[in-house]
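J.: Just the structure for this:
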Amino acid sequence: MKLKQIGYTLLTITTVFASATPAKAANFTTVASGLNNPSGITFGPDGSLYVGETGTGGDGNCQPSPSAAFANICAGQTGSLTKVDLISGTQTRVIDNFDSLALQPTLEQGAGPQEIAFDFLGNAYLVSGYAGYPGNRDIGLFELSQDAELPPEQDFIAPPTEDPDELLNVSNLGKLFKVDLATQEFTELFDFAQYEQLNNLDGGDYISNPFAIAIQEDSAFVVDAGANVIYNIGLADGELRNAFAAPTQLVDNVEFPPASPFEPPQNSGEDTPVMGGDPSQLPPEGEEPEMPSFEVPEGPLDLQSVPTGITIGPDGAAYYAELTGYPYPEGEARVLRINEAGVPEVFAEGFTQITDLTFDADGNLLVLQFADEAQWKNSVEGSLKNLPGSVVKVTPDGKRTTIAQEGIFSATGIQVGPDGGIYVANNGIGTNGSVIRFDDVESVPEPGTILGLLFFGGASIFGLKGKRDGLKKAD
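T.: Residues are numbered from 1 along each chain as shown. Next comes the predicted model:
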């Protein structure tokens, strides 16, 4: 597929030269611990910190994970939302027993309550993840999906089931809710998984995984990392105001793992049910699974976006970040700004695997890198635990510094608190997650030559494709 680019005007590129000084350790304080696959973090009107815990799935039905080849992601009611009182130091689950999916038996890579956000009146809104083929979620989407024309890669990446008895039955996942935290009453506003099943904006495989939310006045901006779509939803009535597929990018000289990226199952057992009963997911005892054919693409790679964090900037615009697709090349993740016409423009680039972003009181952009190197370089047996990451600050004039690195691992959320401290959801993979706090007291310049902010004027529209791994070669 060719990358189409229409009518953009490059205004400025700021290049900053910095010394190669290693980042020093930040002084961390742990404010919450024992969290199950923590994701987004948010401060409420009362100053309390709220943490989305996507949960550990359970012993319900399973489906192949779209992000971990040959591994099963299974259903349960283990998702939660934790409230942290920073004055007393207590943490309490104010939402519990919510639908959840997670890899079994490793309990990693959960999908459930992702993040909560508050409007100016103090009303709470929750976005829930999903991570899979929408038609497998519940009977309603199963029936809706029967006439879908699926792409060839769907059966490998996120296969649909043909048997209603094998549905995941997690009808609360992949949605936006208004929530009464006192009564745990949920009012559904929008169904992202259903929208993906009916529209599939990026034209690739059918996957939905709403990941983060930011509120501006009466609108909720939500990024769907599985669908590669950014939404604008009206909070009063759940009306869809805008939705667009995140633009891909052409990347040269992409580094791939030395061996096939498709690994045998590390966390599937004989007693783990498999969506559709597909025996290819569980090879006969003593035999290696048949690996899908894979050849490293020649020429530039059309890299998918995989949008993750989203926030509202000092200028009132929404900014979202990219994790990027496989093989997660270093320095290719971007921050994009949604302009007044609802079109994304590249704002800052040169990052690696961003999971969240925010702005501080001085207008500095804070970028949270889940891992500073491609996941496959430090992953052990497919696990995404303990991947070294960092927090990078970009000043309004484009100067870029690493403000925290040592002690940041597989982090998933970042916020600036009312006290001016920087809070990070750390160890976001598995059951030992935490939230740590530190102060930006000693910024360390990033090594080497750093591209600063890249601003675009006018329309900037790119050709769109694909979903998860983005392995297709650009034509």
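
J.: what about the nearest residue to L201 once chain neighbours are set aside, distance to P151?
T.: Closest residue to L201 apart from its sequence neighbours, by Cβ to Cβ, 6 or more residues apart in numbering: A245 at 4.3 Å. Where C-beta positions appear, they are placed from N, C-alpha and C, glycine not excepted. According to Cβ to Cβ, to the nearest Å, A245 and P151 sit 15 Å apart.

J.: swap in G331?
T.: 30 Å.

J.: And for D205?
T.: 5 Å.

J.: which one of those two has more residues nearby?
T.: Shown here are D205 and P151; by other Cβ atoms under 10 Å, D205 has more neighbours (23 against 14).

J.: Kindly format the C-alpha coordinates of stretch 105-117 as CSV.
T.: What follows is stretch 105-117, C-alpha atoms only, in CSV (Å, rounded to 0.1, in the frame of the first residue of the first chain):
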residue,chain,number,x,y,z
PRO,A,105,-1.5,-18.5,33.6
THR,A,106,1.0,-15.6,33.6
LEU,A,107,-1.7,-13.0,34.4
GLU,A,108,-0.1,-10.5,32.1
GLN,A,109,-1.4,-7.9,29.6
GLY,A,110,-4.8,-7.4,31.1
ALA,A,111,-7.8,-5.7,29.5
GLY,A,112,-10.5,-4.2,31.7
PRO,A,113,-11.0,-0.9,33.5
GLN,A,114,-8.3,1.1,31.7
GLU,A,115,-8.7,4.7,32.9
ILE,A,116,-11.2,7.0,34.6
ALA,A,117,-11.6,10.7,33.9
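
J.: Could you check it and say which residues are buried?
T.: Residues of stretch 105-117 classed as buried by neighbour count (16 or more other Cβ atoms under 10 Å): T106, L107, E108, Q109, G110, A111, G112, P113, Q114, E115, I116, A117.

J.: farthest-separated two in those?
T.: Farthest-apart pair in the buried residues of stretch 105-117 is T106 and A117; separation 29.4 Å (Cβ to Cβ).

J.: Check the secondary structure at the residue nearest to S145 when sequence neighbours are not counted for me.
T.: Of all residues not flanking S145 in the chain, G135 sits nearest, at 3.0 Å (Cβ to Cβ, 6+ apart). What DSSP: H, G, I helix; E, B strand; the rest coil gives for G135 is helix.

J.: just checking, G135 touches A158?
T.: No - with contacts counted by Cβ atoms under 8 Å, G135 stays clear of A158, the gap being 9.5 Å.

J.: shared neighbours, the two?
T.: Common neighbours of G135 and A158, counting by Cβ atoms under 8 Å, 6 or more residues apart in numbering, are Y206.

J.: Settle it for me: which of those two has more neighbours?
T.: Under the criterion of other Cβ under 10 Å, the comparison of G135 against A158 puts A158 first, with 28 against 24.

J.: for that one, what are its contacts?
T.: Contact partners of A158, counting by Cβ under 8 Å, 6+ apart, are Q63, P64, P66, G132, Y133, N136, D205, Y206, I207, R468.

J.: Could you do A321 as well?
T.: By Cβ under 8 Å, 6+ apart, the contact set of A321 is 307-310, 333-336, 351, 354-357, 367.

J.: For it, list each beta-bridge partner.
T.: V335 (DSSP bridges).

J.: what are the ranges of the helices in the stretch 251-400 of the chain?
T.: Taking DSSP state H, counting those that start in this stretch as the criterion, the stretch 251-400 of the chain carries its helices at 375-378.

J.: show me where it has strands.
T.: Along the stretch 251-400 of the chain, counting by DSSP state E, counting those that start in this stretch, strands occupy 301-303, 307-312, 318-322, 333-338, 344-351, 354-359, 365-369, 390-394, 400-404.

J.: Give the other helices and strands that the first one contacts.
T.: Which is strand 301-303. strand 249-251 (3 or more Cβ pairs under 8 Å, 6 or more residues apart in numbering; DSSP states H and E).

J.: what residue is smack in the middle of the protein?
T.: Nearest to the mean C-alpha position of the chain, by Cα atoms, centre = their mean, lies T308 at 3.6 Å.

J.: For A214, see how far away it is.
T.: In terms of Cβ to Cβ, T308 sits 12 Å off from A214.

J.: Identify each buried residue in stretch 121-131, please.
T.: So for stretch 121-131, counting by 16+ other Cβ under 10 Å, buried means A124, Y125, L126, V127, S128, G129, Y130, A131.

J.: Hmm, I typed the wrong one, I wanted stretch 244-258.
T.: Within stretch 244-258, the residues that qualify as buried are F244, A245, A246, P247, T248, Q249, V251, V254, F256, counting by 16+ other Cβ under 10 Å.

J.: Among those residues, which one sits closest to E53?
T.: A246 (26.0 Å).

J.: Quick one, grab the pLDDT at that closest one.
T.: Per-residue pLDDT puts A246 at 98.

J.: so how many other residues sit close to the closest residue to it other than its chain neighbours?
T.: Nearest-residue entry for A246: S305, 3.5 Å, with adjacent residues in sequence omitted and distances by Cβ to Cβ, 6+ apart. By other Cβ under 10 Å, the residues close to S305 number 30.

J.: Kindly provide the distance from S305 to S39.
T.: Taken as Cβ to Cβ, the span from S305 to S39 is 19 Å.

J.: same deal with G325?
T.: Using Cβ to Cβ, G325 is found at 19 Å from S39.

J.: Thank you, goodbye.
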